[in-house]
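Engineer: coords below, sequence missing:
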């Protein structure tokens, strides 16, 4: 399934930049960035719980926010992209 | 239904800032901003087509990008929010 992760980290609060970096790295391990602080993550249910827990362990609840949008398994029919598609489709194998 | 609009406007390209402003205003008329360049829009099917057309008339296809994520009518079961929820719920009546 595809889960869109949208986060807003208060970088004025202590260690904000560090939290921002850590969350980006965590999301990147499951998907691709489509906008600043917005990732498309392809996960199964257990990976989703792991990703969510990892992110909630990073954010400061009083000053940051994170939103998870679950588009389910048939996500391709629910997404329309226009203009430049600068993301890498995670279903393709990534070559490092 | 709720449609998440995520756009990436190339402000280095001519009139980029103007496009950015116009799209934000257009999305704001249907919903609320949850992150830079990310809006939750509550629309019916005809409003969705109108919103999409208006946005596609604004962006420069070669340099900008916009993504529409359709979460359908039962969107509340598909969204999880943690931490600060700094958005205004569009279903509440907005007082100006």
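Structural biologist: Yep, that arrived. All values derive from a computational prediction rather than experimental measurement. Residues are numbered from 1 along each chain as shown, chains lettered A, B, ... in the order given.
Engineer: Tell me where chain A has helices.
Structural biologist: Assigned by DSSP state H, the helices in chain A fall at A:16-28, A:45-58.
Engineer: now these as JSON lines including mean neighbour count?
Structural biologist: Heads up, the C-betas are built off the backbone N, CA and C, glycines and all. Below are these laid out as JSON lines (neighbours: other Cβ atoms under 10 Å in any protein chain shown):
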{"stretch": "helix A:16-28", "mean neighbour count": "16"}
{"stretch": "helix A:45-58", "mean neighbour count": "14"}
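Engineer: nearest to chain B, of those?
Structural biologist: helix A:45-58 (5.9 Å; Cβ to the nearest Cβ).
Engineer: hmm, who's touching the closest one?
Structural biologist: A:1, A:3, A:5, A:7, A:19, A:22-23, A:26-27, A:30, A:41, A:43, A:66, A:68, A:70, B:80, B:82 (Cβ atoms under 8 Å, 6 or more residues apart in numbering or on different chains).
Engineer: Let's see the ChimeraX selection covering just the buried ones among those residues.
Structural biologist: Here is the ChimeraX command that selects only those of these that count as buried (16 or more other Cβ atoms under 10 Å in any protein chain shown):
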select /A:3,5,7,19,22,23,26,27,30,41,43,66,68,70 /B:82
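Engineer: Tabulate the helices of chain A (a markdown table), appending mean pLDDT.
Structural biologist: Below are these laid out as a markdown table (pLDDT from 0 to 100):
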| stretch | mean pLDDT |
| --- | --- |
| helix A:16-28 | 93 |
| helix A:45-58 | 96 |
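Engineer: who are the neighbours in contact with residue A:19?
Structural biologist: A:9, A:58-60, A:64.
Engineer: Residue A:7 and residue B:44, how far apart?
Structural biologist: 29 Å (Cβ to Cβ, to the nearest Å).
Engineer: in the sheet, who's paired with residue A:66?
Structural biologist: residue A:7, residue B:82 (DSSP bridges).
Engineer: Just give me the neighbour total for residue A:44.
Structural biologist: 10 (other Cβ atoms under 10 Å in any protein chain shown).
Engineer: Against residue A:12, how distant is it?
Structural biologist: From residue A:44 to residue A:12 the distance is 36 Å (Cβ to Cβ).
Engineer: Give me every residue in chain A lying close to chain B.
Structural biologist: A:4, A:6-8, A:34-38, A:52, A:56, A:59-72, A:78-86 (Cβ under 8 Å from any Cβ of the partner chain).
Engineer: among the residues you listed, which ones are buried?
Structural biologist: Looks like the residues of chain A next to chain B have A:4, A:6-8, A:34-38, A:52, A:59-60, A:63-71, A:78-79, A:82-84 buried, using 16+ other Cβ under 10 Å.
Engineer: pLDDT at the closest residue to residue A:8 other than its chain neighbours, what is it?
Structural biologist: Excluding the flanking residues, the one nearest residue A:8 by Cβ to Cβ, 6 or more residues apart in numbering or on different chains is residue A:65, at 4.7 Å. Listed pLDDT for residue A:65 reads 92.
Engineer: can you pull the contacts of residue A:65?
Structural biologist: Here residue A:65 is in contact with A:7-8, A:59, B:81-86 (criterion: Cβ under 8 Å, 6+ apart).
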